[in-house]
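with the input below, show me the fold.
(chains A and B)
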Amino acid sequence: QKEVEQNSGPLSVPEGAIASLNCTYSDRGSQSFFWYRQYSGKSPELIMSIYSNGDKEDGRFTAQLNKASQYVSLLIRDSQPSDSATYLCAVNMIESNFGNEKLTFGTGTRLTIIP
Amino acid sequence: GAVVSQHPSWVICKSGTSVKIECRSLDFQATTMFWYRQFPKQSLMLMATSNEGSKATYEQGVEKDKFLINHASLTLSTLTVTSAHPEDSSFYICSARDTRTGGQTQYFGPGTRLLVL
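Numbering: from 1, shown residues only, chains lettered A, B, ... in the order given. Model (predicted):
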């Protein structure tokens, strides 16, 4: 079973601090990694995609990928109350039977930013 | 860009009726669309992969005769929940990949909340 694991939280971070979200995955052959944000009752919204080892920055968000350790993380700088949401890690995996590519999601980490 | 719409946003129906949900890519073409279901406090579960002009690929445990998928054009996929029962009540979300870019990024629609009485 190919898996994506996240700490379910809740993770509480003071406003203005850095929030760090972590994710590990089991399929060593995965090449595409995504972070989605999901507010309660809403559908997921893409925050970042990352394909190469290292860091990728976009505004207050930084995604980090380490394929050797099968680890991907998301850092949120200067956390705002509006960042309070569930963050889903998604990894593109190739299904062994049919070769189909599909996203496998972690269970999500619930983040609360405390004013 | 990369906007996906769904219709309806919510639906309440009686047990035994069928419900059709539409998923449209508004500003891009999508050869492949995906249908997910999410129960409260759980993560997204992929139900099926919808391919334009061909049969959908269903995940293990998803009944293809109950959840009918049609992907007749590059911008529209539909999911029909046939003979819906209360246990089918859930949040159904579609996503689409932009065919032009060839990337793996999936853009999600706003979701359809289904309540079966």
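
going forward, measure contacts between C-alpha atoms and count neighbours the same way
Will do.

now do the phi/psi pair for A:Asp83.
The phi/psi pair for A:Asp83 (degrees, to the nearest 10) reads phi -80, psi -10.

so stretch B:76-93, near chain A or not?
Yes. Judged by C-alpha under 8 Å from any C-alpha of the partner chain, stretch B:76-93 and chain A are in contact via B:Ile93.

that should have said stretch B:108-117, apologies.
Yes. Using C-alpha under 8 Å from any C-alpha, stretch B:108-117 reaches chain A at B:Phe108, B:Gly109, B:Pro110, B:Gly111.

beta partners for the residue most central in space within chain B?
In chain B, the centroid-proximal residue (C-alpha atoms, centre = their mean) is B:Trp35; its distance is 3.5 Å. Beta-bridge pairing for B:Trp35 (DSSP bridges): B:Ala48, B:Cys94.

contacting residues for it?
B:Leu46, B:Met47, B:Ala48, B:Thr49, B:Ser50, B:Leu79, B:Tyr92, B:Ile93, B:Cys94, B:Ser95 (C-alpha atoms under 8 Å, 6 or more residues apart in numbering or on different chains).

before we move on, the earlier item: closest one of the residues of stretch B:108-117 next to chain A to A:Met93?
B:Phe108 (18.1 Å; C-alpha to C-alpha).

partner residues bridging that closest one?
B:Ser95.

that one and A:Arg60: what is the separation?
Going from B:Phe108 to A:Arg60 by C-alpha to C-alpha, to the nearest Å gives 22 Å.

who's in contact with stretch A:45-58?
So stretch A:45-58 is contacted by A:31-38, A:61-67, B:105, B:107-108 (C-alpha under 8 Å, 6+ apart).

kindly reformat the residues of stretch B:108-117 next to chain A as TSV containing neighbour count and distance to A:Tyr87.
Below are those laid out as TSV (neighbours: other C-alpha atoms under 10 Å in any protein chain shown; distance: C-alpha to C-alpha, whole Å):
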residue	neighbour count	distance to A:Tyr87
B:Phe108	27	15
B:Gly109	25	17
B:Pro110	24	16
B:Gly111	28	17
